[in-house]
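J.: Provided below for reference: sequence and predicted model.
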Amino acid sequence: GLSISSNYGFYGNINFQHVGHIYANDSNTVRSEAYELSNVKLGYKITLKTKFKINAFLGVNNLLNQKYVSQLQINASSFGANEPRYYYAGNPLNYYGGIKIGYLFL
């Protein structure tokens, strides 16, 4: 990952994660495929003379819109006549933003 910040209150970060394939059962017959995820966040922080702190930010998760397994159930069992469910899909490309407001009591 890479994080930057300036003396003017602007900041940002980007990170990259590579996950190799993972076997989902003891016999190594089921496995998840490898994937890469990238996330980006940009923001601005300021402390006002009134002791209020404001932090506004925007971000993007899964920047490259990869299909990936966010949760893997090792040795999953089945219910009824259904096949075991080993994989739970991760979120596609998504955006977020927010504003944090705080007050300094000191």
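T.: Sure thing, it's come through.
J.: Leaving out sequence neighbours, find the closest residue to residue 73.
T.: Beyond its immediate neighbours in the sequence, the residue positioned closest to residue 73 (Cβ to Cβ, 6 or more residues apart in numbering) is residue 86, lying 5.3 Å away. C-beta: built from backbone N, CA, C; applies to glycine.
J.: how distant is stretch 82-101 from the center of its chain?
T.: Between the centre of stretch 82-101 and the centre of its host chain there is 8 Å, according to Cα atoms, centre = their mean, to the nearest Å.
J.: what do you get for stretch 77-86?
T.: 29 Å.
J.: Can I get it as CSV, trimmed to CA atoms?
T.: Output of stretch 77-86 as CSV, limited to C-alpha atoms (Å, rounded to 0.1, in the frame of the first residue of the first chain):
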residue,chain,number,x,y,z
SER,A,77,-21.0,-29.9,5.0
SER,A,78,-24.1,-30.2,2.8
PHE,A,79,-27.7,-30.0,3.8
GLY,A,80,-30.2,-32.4,2.3
ALA,A,81,-29.4,-33.4,-1.2
ASN,A,82,-27.5,-30.1,-1.9
GLU,A,83,-23.8,-29.9,-2.7
PRO,A,84,-21.6,-28.3,0.0
ARG,A,85,-21.3,-24.5,-0.3
TYR,A,86,-17.6,-23.7,0.0
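J.: contacting residues around that stretch?
T.: Contact with stretch 77-86 is made by 24, 25, 30, 32, 72, 73, 74, 76, as judged by Cβ atoms under 8 Å, 6 or more residues apart in numbering.
J.: try 10 Å
T.: Stretch 77-86 is contacted by residues 22-25, 30-32, 69, 71-76 when judged by Cβ atoms under 10 Å, 6 or more residues apart in numbering.
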